[in-house]
Structure formats: structure tokens, C-alpha cells
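Peer 1: using only what follows, build the 3D model:
(one chain, ligands or ions: 1)
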Amino acid sequence: MLFDLDLIRKVYEALPLKVMAARNLVGRPLTLAEKILYSHTFTPATRVLERGKDYVDFAPDRVAMQDATAQMALLQFDTCGRSRVAVPSTVHCDHLIQAKVGAKEDLGVAIDINREVYDFLSSISNKYGIGFWKPGAGIIHQVVLENYAFPGGMMIGTDSHTPNAGGLGMLAIGVGGADAVDVMAGLAWELKMPKLIGVKLTGKMSGWTSAKDVILWVAGQLTVKGGTGAIVEYFGDGADSLSCTGKATICNMGAEIGATCSVFGYDEKMSAYLKATGREEVAAAADRVREHLRPDAEVYANPAKYYDQVLELDLSTLEPYVNGPFTPDLATPISQMAAAVAANGWPDAVEVALIGSCTNSSYEDISRSASIASQAKTKGLKVASEFTITPGSEVVRFTIEKDGYLKTFDEIGGIVMANACGPCIGQWARHIDDPSRKNTIVTSFNRNFAKRNDGLASTHAFVASPEIVTAYAIAGRLSFNPLTDKLKTESGQEVMLDEPKGFELPPRGFDVEDPGYQAPAENGEDVQVLVAGDSTRLQLLEPFPAWEGSDLKGLRLLIRVKGKCTTDHISMAGPWLKYRGHLDNISNNMLIGAINSYNLQTDSVKNGLTGEYGPVPATQRQYKAAGLGSVVVGDENYGEGSSREHAAMEPRHLGVRAILVKSFARIHETNLKKQGMLALTFANKEDYEKIQEDDTIDILGLTDFAPGKQLTMVFHHKDGSSDKIKVNHTYNRQQIEWFKAGSALNLIRKQFAN
Ligand code: F3S
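Peer 2: Purely as a prediction, here's the structure:
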């Protein structure tokens, strides 16, 4: 048994009382999201948590990490001094496998070139009690849905499509690695109390329409920003009519509208899925607290009163959608697609049709798609496009092979890729004659930004349901509407494709020989974490030094950044991705994208020791070698973008002592605090102008560092004059202890050492 039944039972035992307490506190009926949020606060809520305003400490039940983000998360966890993770956690090897020839060969190549990363993740998982899913086992979200998600639970995952588990009634939220470390170490996890968007689904889908079309429609309504800071909760008879995996598809793509996560209430479909995936006990336990795993009845009756925004959709009127190109919210109903193709000049020829990914590779998706694929043969149709299938997990792959669907795809020329992210994350060696030629691909994935799938700006990527993508593979034209259009057979006859038919769950059950799971050691004390001393991709972390106990004097100005400075400017992605597990090597990208306000160039700053201009990381390394700390000065909303902790760890590693800005993006500010940095803001924003390129800097008041109390900074100019300014901070008592200890992890380590 992979899931933690004791934990789930404990959650359910406490649920009725916690929900009642929350209802009393709030003084009204509750939505499902509120029930889960209030029942997962780190300490019981004592006042109403204001949506969109209050920052709340939560205690998630689980953590999941994919291989690209798990590296730094686990390197940090390795230094925290805990002998085991505090909550059930898993690692999934899915992002580093490139789709090139086919599943078997591609998996072999990936295991070879990523061996040291896999060995590290496997050994560190083994040591600290983390479940390890080997390369080939499947994509994180599908594996979580099949094994771990449970109604009414809360989890975090180091991947933005973690909300997929909302299909099984779980609040599942994508986070950065540092957040995962906190939860694995047993600390609270902070989130701004989300707003709530209710989506009422009525009616029943039929024919070519599928669950994917619900979220494609919602994306069109709300746009890519419409869900920001909100949980999307689906309810109504229509919601209950959707399969569990269909619900997961909808929740998965909530990430495309910026939602914190999405969720459905517990119902018969979820119960059936739990039973089909070997979790009868979870279904039975959930049945006993069923009323607490759905919104209160009054919420259905008057949703506008309980949600910040409500959308309503009658599923019986919904037609298939095709969204794109370049953005997932450009939603076109299939009946208007031919006109849209002509009006926008989108390339009509579908060159590659790709089904699968974490979004759409359920048994239902595959069986319905196979029912379309099989018609190519029976009706004498030629398949016009390249066609690939990426199963979401080995369980799905094995079962669909056993049930004959892979053979069906094979017979029309479909190529089965490894159970991994592959083309969805750009891990795709696409074969194309002219990379600059405008071309169209259609996928059943979730994202379709320029270059996402194949790195080509010329590719127009559209997303649709796997059934529609399969129909496109056969027709080869984006303007084709399978609901109304005929196709010509090889003998010249005109035929139509029949509606897709499939099974929500495999009639003969799921099956698998080797799911690809490695259980951790019972006692990992003697397990060695495998990192080669000369590795360029992995490096064990040394704890950052504690604060020296005095004011900081004689610091150098490293850079005064002008304008936008996102986490990408601070720690670029692209070719640097391969160093995500090696802090020293990835630090060579520190701030190389930021603009120096004195010369308006990137990666060129004046070295205070030599007077020469040079790259930012090299200059900072010289300061570090000379035993000098430094300060980075920034503009507004410094550190916006991703929650990548490297953007805070790199300056910390290279010896920057403080980041002083006009304003911070909240997550980056917290990340800096966690890493023991001083994250400071100008009390008077105009003081930014007083700072000169050759300044040396003192930070005063640290011996009395206290919440709400300003610090003082002195900028000593080259001409002998100086400017003394006040700076603000938002450190609470706990965070000041992080600073003093050198990092939040150092503090945890101290606690576990005692
Ligand atoms: Fe992987 Fe794409 Fe899903 S990258 S986790 S298959 S969104």
C-alpha cells in the first residue's frame, strides 16, 4: 500500500469538528475550499481569514516533487538536520527524458545521461523516507492521482500543475522547492488566503465534447490571469457527471488561468476511481465524512453569496474547443475553427498531433482516442499527420497495451513515447525540414506558449481534447470539424468519423507489472547520499554562516539595478537548468540579466577593488575572496516571477549581505529571509538616487534588530561625503531568528540537534 491510510483516517476523524468550528467562526455555510483550508491551518484559526488579504500558515498533508525541482529542495533538506521527512513525500523522475525515437530507446538514453541526478535523488529519497518514482514510472501528477490524492486533503508540489489532484477533491498547490523543504521539515507553509471562484456545471456532455473542453471554455472566459490568487471550485449536477480523471484534467489546466488550484467535491465518480486504483479503504473512509467533502447545501442554492465570482456552464450545450496558438486562453469552438484559421492565416496543415501528458492520458482519454484511431483503418482513411502518444504512467501504459489500444495507435503509425513529460516541456527532438517555416501542431497538453514544445518560434501550437487531436491526426487539417465534415477514403469514398466512445475506467481493471516505485529504507541513517565530488550538476550544500553578531560595515555596492528584475534576471533558466542541483555552478548566472543603472548594460558592473568593469558573478566572487560583503540595490517589485529559490541562494552563496529595493515581490522577499539575507526596502524611495557607484556601505542597528523597527544604512561616497538613510523591513521575530542563525534551515538544524 503506497498511500498513507493512517494519515487519511486521522484527517477524516478530525474533519467534522474542524468544519463545525470553521462554520461557527465564519458564521455562515462553507464552500468546499473553505472547509479544506480551515481544517489545514497550522494552528486553529481564531478569527475569520480574510480572502485575498490575510497570510495564513497551513499544514499540508503531503509533498510531491518532480526531478528538476527536487534537486535543490532535497539538497537543502539534507542540511536541515532532520533524519526523516515530517509528512509523506515523493519524488518523480519525469522532466529529464527527451522524446526522440520511442519509449524504450529514449528512456535508456535519459537514464544514461542523467544517471548521477537519478542516483542522487534515489539515494537521498531512500535516506529521508521519501517515496521514489523511477524514470519511466510516469508523470508526477498522474502518479499522485493514481496513488496518493484523497478527497479533503491538502498537498503542495514543486510543479505548477500540482492542482491536477483537485480531480480527487484535494487542494493541491504548486510551490517552489524552499516551500517544500519547510513542509518536509515540519514547519508551517504560508499562503495568502485565496479568493474563490465558483463554476456551476449543469447538464451532461455527449458526443465529441469532453472534460478538456470545460477548462478550454473556462480559460476563454477568465483569460490567463483571471484565476490569479483564487481557488476555482466546480460544483453542480454537471460536475458530478464528469469522470474523476476528467475532473483532474480540468483542475490541471487551472494553472493556465493562474489559479492557486481548482477542486471538485467528493462524489460517486471519485469513489469509483479510488476503488479502481486499489484504494477501497480510502473510499470507505471518505464515504463516512462525505458531507464535509462537499460544499454546504446552501452554497449550491445561492453561489453568488459565497464565491467572489461565479461562472455557469450547461455541459449539454458545450462543443469541443481548440485553444491557441501561443496562449491557452484564445478559445475557439470547433464550429468556428475553419473561419478562424482562414481569418488569422494560421497554417492549416497539422504536422504533428500529440496526445497524452499529465493533462490528458487517463484510461478514458486513451480509450476514446483509440475509438477514433481505429476508424482510420476500418474506414480506409490515410493518417495525414505525425502522431505521438505520451502515457501519463506505467499503470496506464501497461493497461492500455493489455487492452489493445497501443496496437490500435501503432496500426495508424502512432509512436508511443516514454511515460514522461517529453514534448510538453520541450524535451522533444522534433524532426522538421525547415525550422523557420510557419507550422501547426495540436496537442492534448496544457501549455502552448511560443517555443514551449519544440523550441521553434515558428510553431503554432494549439491545445484540444485527445479525441479532437486524434481526429486532426487523421484529417491533417486544422480547419476540419469532425462533427460536420466528411473525409475521403483511399478509394475516394466520402465518410464521417463516428463519435468517440470509451470507458471511464478499464472494464477489466488496471494492471501493471512494475509500477517503477522504490520504497525508502525503514531507517535511512546509514544510507549514503550519492553525489560525486567532481560532479558539475550536483553539489552538497554547506550551511550558510550565522550572523557575526555586529553591524555590517564596509560592504561594497555590487549593482544598482534599473527597472524590472524578475527571478529570471537574477537566476536565468534555459541552459542553466542543468545546474539546478549545483549551487556554485548555477551561481555563475547570478544577476546576469539585470540592468546596471550606471551604464545601462547587463552583466557589467564596476569592481570596487580594481576599478574595472566585469561580469556580476565574477566581481562578486572577487569580493568574496577578499572577505568583503556586498549590497544589491533594486527597483520596484524586485524578484517577481517564479518562486525559484536559486534567486535567493545564489547571492547568499556568493557573499551578498543585503538586498535593498523600492519594493519586493512577496515570495522572493520570503525566500531571501529564509536564506538568511537582509531583505530591506527604502523608507524613502528617492534615496535610491543617492547611491553612487563607488560607495561603501554600513548597515547599522542589527544588534537591536526587531519587528517594525527601521535599520539605518550609511553610504560612504568616493569624495568623502556620505548619506545616512532609514530602511524598512518586514521581519517578524521568527524571521529575525532565521537571519541570526544564518538561514531558516540552520535554525531548524539547531532545533533538531538539541
Ligand atoms: Fe510534465 Fe507537462 Fe505535466 S511538463 S508535469 S507533462 S505540464
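
Peer 1: secondary structure element for I173?
Peer 2: Using DSSP states H and E, the element containing I173 is strand 171-174.

Peer 1: put the alpha carbons of that strand into CSV.
Peer 2: Extracted C-alpha coordinates of strand 171-174, given in CSV (Å, rounded to 0.1, in the frame of the first residue of the first chain):
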residue,chain,number,x,y,z
LEU,A,171,-6.5,21.2,-2.6
ALA,A,172,-3.2,20.7,-4.4
ILE,A,173,-1.0,23.7,-4.9
GLY,A,174,2.2,24.3,-6.9
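
Peer 1: please enumerate residues in contact with that strand?
Peer 2: If you take Cβ atoms under 8 Å, 6 or more residues apart in numbering as the criterion, strand 171-174 is touched by 33, 36-37, 40, 60, 144, 149, 153-166, 191, 231, 251, 255, 260-261, 263. Where C-beta positions appear, they are placed from N, C-alpha and C, glycine not excepted.

Peer 1: what about those, which are in helices?
Peer 2: A33, I36, L37, V144, C251 (DSSP state H).

Peer 1: burial measure for the residue in the stretch 551-700 of the chain that the ligand sits nearest to, as a count.
Peer 2: Closest residue of the stretch 551-700 of the chain to the ligand, Cβ to the nearest ligand atom: L577 (12.6 Å). Close neighbours of L577, defined as other Cβ atoms under 10 Å, add up to 12.

Peer 1: quickly list the domain ranges of this structure.
Peer 2: As assigned by automatic domain parsing, the chain contains the domains 5-317, 321-495, 552-753.

Peer 1: can you put those in TSV and add distance to E504?
Peer 2: TSV is the format used below for those (distance: least, Cβ to Cβ, whole Å):
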stretch	distance to E504
domain 5-317	4
domain 321-495	5
domain 552-753	35
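
Peer 1: rewinding a little: how far away from the center of its chain is the strand holding I173?
Peer 2: Taking Cα atoms, centre = their mean, to the nearest Å, one finds the center of strand 171-174 at 9 Å from the center of the full chain.

Peer 1: which is the succeeding secondary structure element to that strand?
Peer 2: helix 177-184.

Peer 1: returning to that earlier point: could I get the domains of the chain as JSON lines with mean pLDDT?
Peer 2: Shown next, in JSON lines, are the domains of the chain (pLDDT from 0 to 100):
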{"stretch": "domain 5-317", "mean pLDDT": "96"}
{"stretch": "domain 321-495", "mean pLDDT": "95"}
{"stretch": "domain 552-753", "mean pLDDT": "95"}
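
Peer 1: who are the contact partners of A259?
Peer 2: Per Cβ under 8 Å, 6+ apart, neighbours of A259: P163, I197, G227, T228, A230, I231, V232.

Peer 1: wait, I meant V56
Peer 2: Neighbouring residues of V56 by Cβ under 8 Å, 6+ apart: L37, T41, A45, L49, E190, L191, K192, M193.

Peer 1: check T470 too.
Peer 2: Per Cβ under 8 Å, 6+ apart, neighbours of T470: A353, I355, S369, I372, A373, F387.

Peer 1: in what helix or strand does it lie?
Peer 2: helix 466-475.

Peer 1: so what's the residue count around the closest residue to the ligand within the stretch 251-400 of the chain?
Peer 2: Closest residue of the stretch 251-400 of the chain to the ligand, Cβ to the nearest ligand atom: C358 (3.3 Å). Neighbour count of C358, defined by other Cβ under 10 Å: 30.

Peer 1: do the same with G27
Peer 2: 7.

Peer 1: and it, how far from the ligand?
Peer 2: Note on G27: its distance to the ligand, by Cβ to the nearest ligand atom, to the nearest Å, is 40 Å.

Peer 1: what's the closest non-adjacent residue to that residue?
Peer 2: V48 (8.0 Å; Cβ to Cβ, 6 or more residues apart in numbering).

Peer 1: that older thread, out of the contacts of T470, which end up buried?
Peer 2: A353, I355, S369, I372, A373, F387 (16 or more other Cβ atoms under 10 Å).

Peer 1: surely the last one forms part of a helix?
Peer 2: No. Counting by DSSP: H, G, I helix; E, B strand; the rest coil, F387 is not part of a helix but strand.

Peer 1: that older thread, of the contacts of V56, which is the nearest to S550?
Peer 2: Comparing the contacts of V56 against S550 with Cβ to Cβ places E190 closest, at 30.3 Å.

Peer 1: that closest one contacts E669, correct?
Peer 2: No. In this structure E190 lies outside contact range of E669 using Cβ atoms under 8 Å: 11.6 Å.

Peer 1: the more surrounded of those two?
Peer 2: E669 (23 against 15).

Peer 1: ok, now which ones touch the more buried one?
Peer 2: With the criterion set at Cβ under 8 Å, 6+ apart, E669 makes contact with G639, A679, T730.

Peer 1: PyMOL command for the buried members of those?
Peer 2: Restricted to buried positions by 16+ other Cβ under 10 Å, the PyMOL selection for the contacts of E669 reads:
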select buried, resi 639+679
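
Peer 1: and the contacts of E669 as JSON lines, adding secondary structure and distance to Y623?
Peer 2: Shown next, in JSON lines, are the contacts of E669 (DSSP: H, G, I helix; E, B strand; the rest coil; distance: Cβ to Cβ, whole Å):
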{"residue": "G639", "secondary structure": "coil", "distance to Y623": "21"}
{"residue": "A679", "secondary structure": "strand", "distance to Y623": "20"}
{"residue": "T730", "secondary structure": "coil", "distance to Y623": "27"}
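
Peer 1: burial check on D511, number of neighbours?
Peer 2: Residues near D511, counting by other Cβ under 10 Å: 12.

Peer 1: all the helices of the stretch 1-150 of the chain, residue numbers only.
Peer 2: Taking DSSP state H, counting those that start in this stretch to define them, one finds helices in the stretch 1-150 of the chain at 5-26, 32-38, 67-77, 103-113, 115-128, 140-147.

Peer 1: check the stretch 201-350 of the chain too.
Peer 2: 211-222, 237-241, 244-252, 268-276, 280-288, 297-301, 337-344.

Peer 1: OK, contacts around R23?
Peer 2: Contacts of R23 (Cβ under 8 Å, 6+ apart): P29, L30, D296.

Peer 1: hmm, back to that, out of the buried ones among the contacts of T470, which comes closest to S630?
Peer 2: Taking these together and measuring to S630 by Cβ to Cβ, the closest member is I355, at 51.0 Å.

Peer 1: my reading is that that closest one lies in a strand. Confirm?
Peer 2: Yes. Membership of I355 in a strand is supported by three-state DSSP.

Peer 1: surely Y579 touches R537?
Peer 2: Yes. Y579 is within contact range of R537, at 6.5 Å (criterion: Cβ under 8 Å).

Peer 1: list residues touching both of these two?
Peer 2: Shared contacts of Y579 and R537 (Cβ under 8 Å, 6+ apart): N585.
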